[in-house]
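# Give me coordinates for this.
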Amino acid sequence: QVQLVESGGGLVQAGDSLRLSCAASGRTFSSNYMAWFRQAPGKEREFVAGISGSGKFTYYVDSVKGRFSISRDNAKNTLYLQMNSLKFEDTGVYYCAASLRGPPKYDYWGQGTQVTVSS
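Residues are numbered from 1 along each chain as shown. Here you go, the predicted model:
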């Protein structure tokens, strides 16, 4: 059974940093595009960052450029999101997702991890 399990969320103050992890099991995703999404209270889920299978290409929503960094360790089958200079508006549930044939379709999703940034 394929699973994506996020961890690393928490309650932090504005300006702090967090590192999210997404551990995959049940299959490898080393050749697959993966991404982080988030959903703030009362809002739709939005794309945050994406990364190609090799890790060579990365993509970010404008609001996190320069503050967030997506990376992956294919040997560990794990995806990361380093979040620096966190802002109140970064608050939400963060999900990792894997796409077997490339975005915009995502085939596997994690259960999410809560990130709360106090102002």
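# make it CA atoms for all contacts and neighbour counts henceforth
Noted.
# Go ahead and confirm Gly9 touches Leu18.
Yes - using CA atoms under 8 Å, Gly9 makes contact with Leu18 at a distance of 7.1 Å.
# can you count the residues close to Ala49?
Using other CA atoms under 10 Å, Ala49 has 23 other residues around it.
# Excluding chain neighbours, what is closest to the most centrally placed residue in the chain?
With distances taken as CA atoms, centre = their mean, Trp36 lies nearest the centre of the chain, 2.7 Å away. In this structure, Trp36 finds its nearest non-sequential neighbour in Cys96, 4.5 Å apart by CA to CA, 6 or more residues apart in numbering.
# mind listing the strands for this structure?
For the chain, the strands defined by DSSP state E occupy 3-7, 10-13, 18-25, 33-39, 46-51, 58-60, 68-73, 78-83, 92-99, 108-109, 113-118.
# Would you reformat the ones you listed as a markdown table and include mean pLDDT?
Listed next are the strands of the chain as a markdown table, based on pLDDT from 0 to 100:
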| stretch | mean pLDDT |
| --- | --- |
| strand 3-7 | 98 |
| strand 10-13 | 98 |
| strand 18-25 | 98 |
| strand 33-39 | 98 |
| strand 46-51 | 98 |
| strand 58-60 | 98 |
| strand 68-73 | 98 |
| strand 78-83 | 98 |
| strand 92-99 | 98 |
| strand 108-109 | 98 |
| strand 113-118 | 98 |
